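**Student:** For reference, the sequence and a predicted model appear below.
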Amino acid sequence: MVRNRGRRGIRRASGLGELPPQHYRAGPINDPGAGLIPEWINNATQTNFPFVIGLASEQIIPSNPLRTYVIIQNKDPASNMFVNFGNSATVFNGVLIIPLGNYELIGGANNGAHCPNDSIHILGAAAGMVGVISEGVLPPVMPGG
């Protein structure tokens, strides 16, 4: 067995050699990339809007250009719910949410690819249906910031 002097004591000649000095950075043991990638911070805020809907379409929340996420939950165990963006919901133009189902939209703010910023209108297939909309919103961008 060949022995060489390494940075910290004796090292065996195993063919792998010693790691370059940049790999000796301090960080959590389970995260070898700690300190190499900046930490991501989620600045979005989430707000729940519970609602009770009936047989007429109602606007539940207004349009919001900073919306980045929305999930609409139908909490009714027996009746369908219909959702439309920007206009009244009907059975023919609304997105169907089945009983105890949900409809989730994700995407960026300011006309993001998957999350519309229009007002949200909902129509129930029965009276007294309960649901909730959870909306994620980014803080406004300040000029020069």
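**Tutor:** On my side now, so go ahead. Numbers count the residues shown, from 1 in each chain.

**Student:** wait, is residue 63 part of a helix?
**Tutor:** No - the assignment for residue 63, made by DSSP: H, G, I helix; E, B strand; the rest coil, is coil rather than a helix.

**Student:** That one - nearest residue in space that isn't next to it in sequence?
**Tutor:** Excluding the flanking residues, the one nearest residue 63 by Cβ to Cβ, 6 or more residues apart in numbering is residue 119, at 4.7 Å. Yep, even glycine has a C-beta here, placed from its N, CA and C like the rest.

**Student:** On the pLDDT front, check that neighbour for me.
**Tutor:** pLDDT for residue 119: 95.

**Student:** can you check the one 3 residues further on too?
**Tutor:** Turning to residue 122, the model gives it a pLDDT of 97.

**Student:** swap in residue 142?
**Tutor:** At residue 142, the pLDDT recorded in the model is 68.

**Student:** Tell me the first helix or strand C-terminal of the helix or strand encompassing residue 105.
**Tutor:** Using DSSP states H and E, residue 105 sits within strand 102-106. Using DSSP H and E, the helix or strand that follows strand 102-106 in sequence is strand 120-124.

**Student:** now the residue nearest to residue 63: how far from residue 57?
**Tutor:** Here the criterion is Cβ to Cβ, to the nearest Å. By it, residue 119 lies 11 Å from residue 57.
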